[in-house]
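Chemist: Could you work out the structure for the sequence below:
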Amino acid sequence: MTTARIFIDTNALRANRKDNGCRPTITTDAEDGRHQTHAVSIHGPDGSEVARLVYEPDDPWSGTAEVWVEVLDGSTVKFR
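Modeler: The predicted structure is shown next:
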């Protein structure tokens, strides 16, 4: 099994804030290559969606968060 990594492109995030751009700020690095996007769905072993990573600068969550993770019902969040 290969590990997929998801990260925020802070350079694109800053550039969007500076010029009101619409560059994708979420980058995934997986077996099939690197992809840039505005949102990522995360699926469990059974194929069902368990979480989303979302970038919405025009409609920030809670008034200030432009990027956030939504964990869907039935999924567990563990802190370490």
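
Chemist: For the rest of this, base every contact and every neighbour count on C-alpha atoms.
Modeler: Will do.

Chemist: OK, contacts around Thr10?
Modeler: Residues counted as contacts of Thr10 (Cα atoms under 8 Å, 6 or more residues apart in numbering) are Thr25.

Chemist: what packs against the top strand by length along the chain?
Modeler: For the chain, the longest strand by residue count, based on DSSP state E, is strand 49-55. Other helices and strands packing on strand 49-55, by 3 or more Cα pairs under 8 Å, 6 or more residues apart in numbering; DSSP states H and E, are strand 39-43, strand 67-71.

Chemist: And the residue nearest to Ala12 when sequence neighbours are not counted, what's its pLDDT?
Modeler: Nearest residue to Ala12, sequence neighbours excluded (Cα to Cα, 6 or more residues apart in numbering): Thr25, at 5.6 Å. pLDDT for Thr25: 96.

Chemist: Return the distance of His38 relative to Asp46.
Modeler: 24 Å (Cα to Cα, to the nearest Å).

Chemist: Excluding chain neighbours, what is closest to the residue nearest the centre of the chain?
Modeler: By Cα atoms, centre = their mean, the mean C-alpha position of the chain lies nearest to Leu53, the distance being 3.0 Å. In this structure, Leu53 finds its nearest non-sequential neighbour in Val69, 4.4 Å apart by Cα to Cα, 6+ apart.
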